[in-house]
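[1] Here is a sequence together with a model predicted from it:
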Amino acid sequence: MSRSHGIKEVAFIDCPGGGQVVVVGKIAYVGSMSAPDGTVIYDVSDPRKPKELSRIGMKIGTHAHKVRVVNNIMVVNRERNPYQLGAPEDFQGGLGIYDVSNPAKPKLLADWKTHGMGVHRFDFDGRYAYISPTVKGYLGNIVMILDLIDPTKPVEVSRWWMPGQFTDGGEIPTWPGADNRCHHPLRLGNRLYTSYWFGGFVILDIEDISRPKLVSSFSTSPPYPWPTHTALPIPKPIQGKKLLLVADEDVRRRWDSYPSFLSIYDITNETKPIPFSSFQVAGVTGEPVEDYTGCHQPSEVFYGTEIPVAWFAYGLRVIDIANPHSPREVAWFEPEPQMGASRIQSNDVTVDDRGMIYLLDRLKGLHILERV
């Protein structure tokens, strides 16, 4: 059975496991983890009775597990699925761009393609897409900005990469394989806060969007054994400080360890990020555990100082950062595992403008929740 504190379940959608959920108005968009499912769209105007409106499929061996929607333009990633074999030899990843003014009938506007695996996570502000593509000549995913002023014809505006990635240009990486790579760019103002997997995170100045410039970087591995998943800026100062939440993903640890956690950085001086506090789920010890146990992804939509976080095997944790030196858990929800799984795998979470919380499992199911 599900267990909770300060959270009530409103509805459960028996949908395929997913990588990301976003809600715009009264419509929820879910990026599915594995083919043949791609993007599934739901009407959640009555959150207690969600209704499926449409779905877009993907070919076996590929996935479209990330999604963004602004001004009726839906952008989804297209990527080879590392957990599912059978992708067509001629598959090219990239982005699918759709008109969803009628969400029951998405209309494909463009199929932007890149080289290699494709695009992983990305951000979209209605004009520009801030993406993480694999590109010929580069090792691992890099940062790229596309202009979608005409969504039928995306145009590259600029790119940025960590020195060592441009192997065709003679650069030599100082890390194994593609460990240092762009994972998740997020824009706030004239900055792009970008997690860089085992390379930590970078802050990029995009005042001149055609020429991203490095403001600072912070490497977290070592000492941490896991990669950096998300660097989420807090829009308003708290206690006079500009803050950055950094979520490390509990996968691919370089050595056996306890599960990953959430960190808070003071970036008031962006040239010198300072980590000064962290949050870990109560009861976690220093003993090694299997992957997909600890932290994964904070909600990029939140109100006030309470931040919902998808915490893999620990479900939803709601963290209050009103006192950023001492973040505290104020609510939590641990759903029942699906598909006969031995444990939950909460992968993503978001909040709509009514305050409803949407918790997506990577194996199966979307929970619609509310604070009580």
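    Okay, I see it.

[2] T174: what's its closest spatial neighbour, skipping adjacent residues?
    Spatial nearest neighbour of T174, excluding adjacent residues (CB to CB, 6 or more residues apart in numbering): G164 at 5.8 Å. Bear in mind the C-beta positions are built from the backbone N, C-alpha and C, glycine included.

[3] Same question for F261.
    Q280 (4.2 Å).

[4] Ok, N347 next?
    Sequence neighbours aside, R362 is the residue nearest to N347 in space, at 3.8 Å (criterion: CB to CB, 6+ apart).

[5] Surely the one you found touches Q20?
    No: between R362 and Q20 there is no contact under CB atoms under 8 Å: 10.2 Å.

[6] shared neighbours of those two, which are they?
    Shared contacts of R362 and Q20 (CB atoms under 8 Å, 6 or more residues apart in numbering): N347.

[7] helices or strands up against whatever helix or strand D14 lives in?
    D14 is part of strand 7-16, with elements assigned from DSSP states H and E. Contact partners of strand 7-16 among helices and strands, from 3 or more CB pairs under 8 Å, 6 or more residues apart in numbering; DSSP states H and E: strand 27-32, strand 37-43, strand 328-334, strand 364-371.

[8] and the first one, how far out from the chain's middle?
    Which is strand 27-32. The chain centre lies 13 Å from the centre of strand 27-32; the measure is CA atoms, centre = their mean, to the nearest Å.

[9] What degree of burial does F12 show, as a neighbour count?
    A count of nearby residues for F12, using other CB atoms under 10 Å, gives 17.

[10] Please name the nearest non-neighbouring residue to it.
    Nearest non-adjacent residue to F12 (CB to CB, 6+ apart): H367, at 5.6 Å.

[11] per-residue confidence at the nearest residue to A331 once chain neighbours are set aside?
    Nearest non-adjacent residue to A331, counting by CB to CB, 6+ apart: G6, 3.1 Å away. With respect to pLDDT, G6 scores 97.

[12] again, but for Y258
    Model confidence at Y258 (pLDDT) stands at 89.

[13] Over to W255?
    Looking at W255, its pLDDT stands at 87.

[14] Next, give phi and psi for it.
    The phi/psi pair for W255 (degrees, to the nearest 10) reads phi -160, psi 160.

[15] quick one on the thing from earlier: and L244, which of the helices and strands packed on strand 7-16 is closest to it?
    Of all the helices and strands packed on strand 7-16, it is strand 328-334 that lies closest to L244, at 18.7 Å by CB to CB.
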